[in-house]
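Colleague: Below are the sequence and a predicted model for it; my questions follow.
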Amino acid sequence: MSENPVTQGQQFPLTIKRIGINGEGIGYFKRSVVFVPGALTGEEVVVEATKVNPRYTEAKIRKIRKKSQHRVTAPCPVYDACGGCQLQHLAYPEQLKMKKDLIVQAIEKHTRFHLEQINIRDTIGMGNPWGYRNKSQFQVREIDDTVETGLFGADSHELVPIENCIVQHPDTVKVTNLVRDLLEELEIPIYEEERNSGIVRTIVVRTGIKTGEIQLVLVTNSKKLPRKRELIERVQTMIPEVVSIMQNVNQAKTSIIFGEETMHLAGKEKITEKLAEIEFDLSARAFFQLNPSQTEKLYREVARAVRLTGNEKIVDAYCGVGTIGLSLASKAAEVRGMDTIAESITDANENAKRAGITNATFETGKAEEVFPKWIKAGFKPDTIIVDPPRVGCEESLIQSILKTGAKQVIYVSCNPSTLARDIQLLAKKYNIKYIQPLDMFPHTAHVESVTLLTLKS
């Protein structure tokens, strides 16, 4: 491997060729790859090297010599500091094109397919790509004797205070700000990360956009919550839409939000949300898609891909609270799902019961362990739907899928890189019919997709 020609602090001109998986501009200097946050495809910039590795360089923009016609002013006042969004400076129609290109890049990098072999469709976007997130998880810290809520800056644990996050649903912002002010007024101890002391770490708010119900979860460093009763009464009086108040205890020094123990403080233990015509009960830690309007589009794409006749047996792997499986149950013979979070499975089974769905069952456990057990017991699925986390599917699950001879696999992905890796393995027995990208998180570098794979004849 040739030595990186760039030195730390060096300034040099660069032409940006495309946007990468983290939303950064990518260019090449003397054949060495350079990543530049905030730079856009086609721009000519002068950059300064901030981090030099043998295989690549990270740099920051010093000057834009030629600006992209698609560059816009980010409307968020803390956009540069926050790091929660990566693409507010790119016009939304171009974001959709860029997200399709992320899948193209992943196919090129991680598979042996030729691009002409893969039908990658245009990205399905939103009419209004703002205020879409139904759940917020804002850290709480004390800065100069003032309680602040916000997100950690990119690659740091420095809190960026946020008064109004414009990609969040307004209700989540309203509740977060109210609770923040009450914590300060009631002098409830705030978590100090360095000393691992104090009480309140994170304010989590989830709103049912169709039902109007709101759940508040206080993540704390201790089971104790001083002035708890007064805090609860004030929240319930000031925002009666908050129908569920929970406390989650997380005493670990970790960036993971939730601990294992969740306690019921007031109101209901769960809130209800609707997708299409099915109601879902949501526990504090249960996974549920953050953008309900795009989720409905996503599930319509899954339904189109599946093309059920009413006789199929379906596996819904990584099922969460059962959203995908339950949305298909009326058109199938049987649905089985699994997930590692026990509360999600409880919710999934209760959601099925509430909807009068009798042909769907859900089980707690890892997909790569539960699925082979079902197969060994004689269960033979026709359709397998996987919706894994960003790390993708375990290879043992892929191998089990290959052995089943299921007619079709629908792969719902939130990470193009692991999608490409996994469909390369599945291609031993399956044809890749198409990949449909969908923008679940506008103004970020994330892209969701639905891939249809059919069994080779």
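Modeller: Arrived safely, thanks for sending.

Colleague: Do I have it right that A367 meets A317?
Modeller: Yes: with contact defined as C-beta atoms under 8 Å, A367 reaches A317; the gap is 4.3 Å. Where you see a C-beta, it was placed from the backbone N, CA and C, and this is true even at glycine.

Colleague: Give the residues shared as contacts by these two.
Modeller: Here A367 and A317 have M338, V386, P388, C393, L397 as joint contacts, going by C-beta atoms under 8 Å, 6 or more residues apart in numbering.

Colleague: The residues you listed in helices, which ones?
Modeller: L397 (DSSP state H).

Colleague: which residues sit against the helix or strand hosting V179?
Modeller: For V179, the element it lies in under DSSP states H and E is helix 170-185. Here helix 170-185 makes contact (C-beta under 8 Å, 6+ apart) with 131, 133-136, 138, 140, 146-149, 163-165, 188, 190, 200, 203, 205-207, 214, 216, 218, 231, 234-235, 238-239, 241-242.

Colleague: if you set the cut-off to 6 Å instead, what comes out?
Modeller: 136, 138, 147, 149, 164-165, 200, 203, 205, 207, 214, 231, 234, 239 (C-beta atoms under 6 Å, 6 or more residues apart in numbering).

Colleague: can I get those in a markdown table with secondary structure and pLDDT?
Modeller: Formatted as a markdown table, the contacts of helix 170-185 follow (DSSP: H, G, I helix; E, B strand; the rest coil; pLDDT from 0 to 100):
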| residue | secondary structure | pLDDT |
| --- | --- | --- |
| S136 | strand | 97 |
| F138 | strand | 97 |
| V147 | strand | 97 |
| T149 | strand | 97 |
| N164 | coil | 96 |
| C165 | coil | 97 |
| V200 | strand | 98 |
| I203 | strand | 98 |
| V205 | strand | 98 |
| T207 | strand | 97 |
| I214 | strand | 97 |
| L231 | helix | 98 |
| R234 | helix | 98 |
| I239 | coil | 95 |
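
Colleague: out of the residues you listed, which one sits closest to I271?
Modeller: I214 (6.9 Å; C-beta to C-beta).

Colleague: any idea how this protein splits into domains?
Modeller: 11-71, 135-275, 292-455 (automatic domain parsing).

Colleague: surely R421 meets H110?
Modeller: Yes: using C-beta atoms under 6 Å, R421 makes contact with H110 at a distance of 5.1 Å.

Colleague: can you tell me how far G198 sits from I188?
Modeller: Between G198 and I188 the distance is 9 Å, computed by C-beta to C-beta, to the nearest Å.

Colleague: So which of those two has more stuff around it?
Modeller: Using other C-beta atoms under 10 Å as the criterion, G198 and I188 rank with I188 on top: 22 against 18.

Colleague: tell me the contacts of the more buried one?
Modeller: P226, R227.

Colleague: Can I get the lengthiest helix in the chain in CSV, CA atoms only?
Modeller: Counting residues, the longest helix found in the chain (DSSP H) is helix 92-110. Below are the C-alpha coordinates for helix 92-110, written out as CSV (Å, rounded to 0.1, in the frame of the first residue of the first chain):
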residue,chain,number,x,y,z
TYR,A,92,-34.4,17.6,-0.7
PRO,A,93,-34.8,16.3,-4.3
GLU,A,94,-31.1,15.8,-4.5
GLN,A,95,-31.0,14.0,-1.1
LEU,A,96,-33.3,11.4,-2.7
LYS,A,97,-30.9,10.9,-5.6
MET,A,98,-28.0,10.7,-3.2
LYS,A,99,-29.7,8.0,-1.2
LYS,A,100,-30.2,5.8,-4.2
ASP,A,101,-26.5,6.3,-5.0
LEU,A,102,-25.6,5.1,-1.5
ILE,A,103,-27.1,1.7,-2.4
VAL,A,104,-25.3,1.8,-5.7
GLN,A,105,-22.0,2.4,-3.9
ALA,A,106,-22.7,-0.5,-1.5
ILE,A,107,-23.4,-2.9,-4.4
GLU,A,108,-20.2,-1.8,-6.1
LYS,A,109,-18.1,-2.1,-3.0
HIS,A,110,-19.5,-5.2,-1.2
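
Colleague: residue boundaries of the helices in the stretch 351-457 of the chain?
Modeller: With helices called from DSSP state H, counting those that start in this stretch, the stretch 351-457 of the chain shows them at 367-376, 395-404, 416-426.

Colleague: scratch that, the stretch 101-250 of the chain
Modeller: Under DSSP H, counting those that start in this stretch, the stretch 101-250 of the chain gives helices at 170-185, 228-238.

Colleague: Just say which of those is most tucked in.
Modeller: helix 170-185 (a mean of 20; mean count of other C-beta atoms under 10 Å).

Colleague: which neighbours does the helix or strand of the chain with the lowest mean pLDDT have in its sheet, and in what orientation?
Modeller: Here the helix or strand of the chain ranked lowest by mean pLDDT, DSSP states H and E is strand 278-282, holding a mean of 87. Sheet pairing of strand 278-282 (DSSP bridges) gives strand 271-275 (antiparallel).

Colleague: Pretty sure K429 sits against L402.
Modeller: Yes: proximity of K429 to L402 meets the contact threshold set by C-beta under 6 Å, at 5.3 Å.
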